[in-house]
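>>> What follows is a predicted protein model with its sequence.
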Amino acid sequence: MQTEVHIPDEGAMRALGAGIAEVVRAGDVIALRGGLGAGKTTLARGLLHALGLVEEAPSPSFALVQPYDPPIVRLPVAHVDLYRLEDDADIRELGLDDYMIDSLVIIEWPERIGDRLWDHALCLSIAVADDGSRCLTAQVPDAWRDRWPPR
């Protein structure tokens, strides 16, 4: 299933992340696609804040994987940024499968994984419109059908 959502501004992007936080489960994967500045990290920050993170979530661009664990969030989260990775061996070394055992995995730049993205991943592609708003296209797998769109 594919759906589209219009997102007028940064506040709405954070609100969408907060809505997603209400329905996420350990083992979920959210893949965020879009160019630089599209709003991937903004959506992730809204989600993390709604899960209980008080401080501002840094972009995981340099750390590659930024883990968050209870009690600072209600369930473990691995926020991943694959932008700087191109080598399959580097991606495998991150151990993303291990995070899915008990964590939510949020992946920015999932296209670096290629066709190995998990079948149960919610894929959100963000495009910037001429007026600065965003159009989010969701590829909704069976695992998310009863949870998308979030309320």
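Ah, there it is.
>>> pull the helix or strand with minimum mean pLDDT from the protein.
Lowest by mean pLDDT, DSSP states H and E among the helices and strands of the chain is helix 88-93, with a mean of 78.
>>> Could you look up the SS state of the residue nearest in space to the middle of the chain?
Nearest to the geometric centre of the chain sits residue 106, at 3.6 Å (C-alpha atoms, centre = their mean). Three states are possible here, and by DSSP: H, G, I helix; E, B strand; the rest coil the one that applies to residue 106 is strand.
>>> And it, how close does it get to residue 114?
According to C-beta to C-beta, to the nearest Å, residue 106 and residue 114 sit 18 Å apart. All C-beta atoms are positioned from the backbone trio N, CA, C, and that covers glycine.
>>> quick revisit: if we go by neighbour counts, what in the least confident helix or strand of the chain is buried?
Judged by neighbour count (16 or more other C-beta atoms under 10 Å), helix 88-93 contains these buried residues: residue 91.
>>> Residues contacting it, please?
Residues from elsewhere that reach helix 88-93 (C-beta atoms under 8 Å, 6 or more residues apart in numbering): 82, 85, 112, 113.
>>> Same check on stretch 112-128?
In contact with stretch 112-128 (C-beta under 8 Å, 6+ apart) are residues 7, 27-35, 37-40, 43, 82-83, 85-86, 91, 100, 107, 110, 134-144, 148.
>>> Strands - which of the residues you listed land there?
Using DSSP state E, 7, 29-33, 107, 134-139 are the members of the contacts of stretch 112-128 that sit in strands.
>>> about what we covered before: which of the contacts of helix 88-93 are buried, as a ChimeraX select command?
The buried residues among those can be selected in ChimeraX (16+ other C-beta under 10 Å) with this line:
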select :82,85,112,113
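>>> Tell me how far stretch 96-110 lies from the chain's centre.
Stretch 96-110 has its average C-alpha position 9 Å from the chain's average C-alpha position, going by C-alpha atoms, centre = their mean, to the nearest Å.
>>> How about stretch 91-109?
Relative to its chain's centre, stretch 91-109 lies at 11 Å (C-alpha atoms, centre = their mean).
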